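# give the three-dimensional model of this entry:
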Amino acid sequence: GFVKMLKKYALEAGLGDIHLHQTRHTVARMVGEDSGDLHAVQTVLGHQHLSTTRVYLDRISVKRDRHSQAIAKRLDVEED
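Presented below is the predicted three-dimensional model:
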């Protein structure tokens, strides 16, 4: 099936033994980084409670405040 093929291709690509659930974490990280919006991640993952979504993002560095990014851009300030 799909999972077996995913594991096979991951091993061939040198990614090691991956698990399908890791794709949810990848999606959470990507949406979080792109949007800076925890609620957007919650919607994409289909979580009822924001606390569940936070579990996915607490392990990674995500710029959660898109307003500070917009202000920094307008002021021509570099962010970390």
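# report the central residue of this protein.
Nearest to the mean C-alpha position of the chain, by C-alpha atoms, centre = their mean, lies R29 at 1.1 Å.
# now it: which helix or strand?
helix 22-35 (DSSP states H and E).
# packing partners of that helix?
Helix 22-35 sits against helix 38-45, helix 50-57, with contacts defined as 3 or more C-beta pairs under 8 Å, 6 or more residues apart in numbering; DSSP states H and E. (C-beta placed from N, C-alpha, C; glycine too.)
# chain center to the first one: distance?
Distance, stretch centre to chain centre, for helix 38-45: 10 Å (C-alpha atoms, centre = their mean, to the nearest Å).
# ok, how many other residues are close to D37?
16 (other C-beta atoms under 10 Å).
# the helices and strands packed on helix 22-35: which one's closest to G14?
Smallest distance to G14 across the helices and strands packed on helix 22-35 (C-beta to C-beta): 25.0 Å, for helix 50-57.
# before we move on, the earlier item: pick the most buried one from the helices and strands packed on helix 22-35.
helix 38-45 (a mean of 17; mean count of other C-beta atoms under 10 Å).
# elements contacting it?
Looks like helix 38-45 contacts helix 22-35, helix 50-57 (3+ C-beta pairs under 8 Å, 6+ apart).
# show me which residues of the helix holding R29 are buried.
By neighbour count on 16 or more other C-beta atoms under 10 Å, the buried set for helix 22-35 is H25, A28, R29, V31, G32, S35.
# report the angle between the axes of that helix and helix 50-57?
Orientation check (axes from the mean of the first three to the mean of the last three C-alpha atoms, to 10 degrees): helix 22-35 against helix 50-57 gives 100 degrees.
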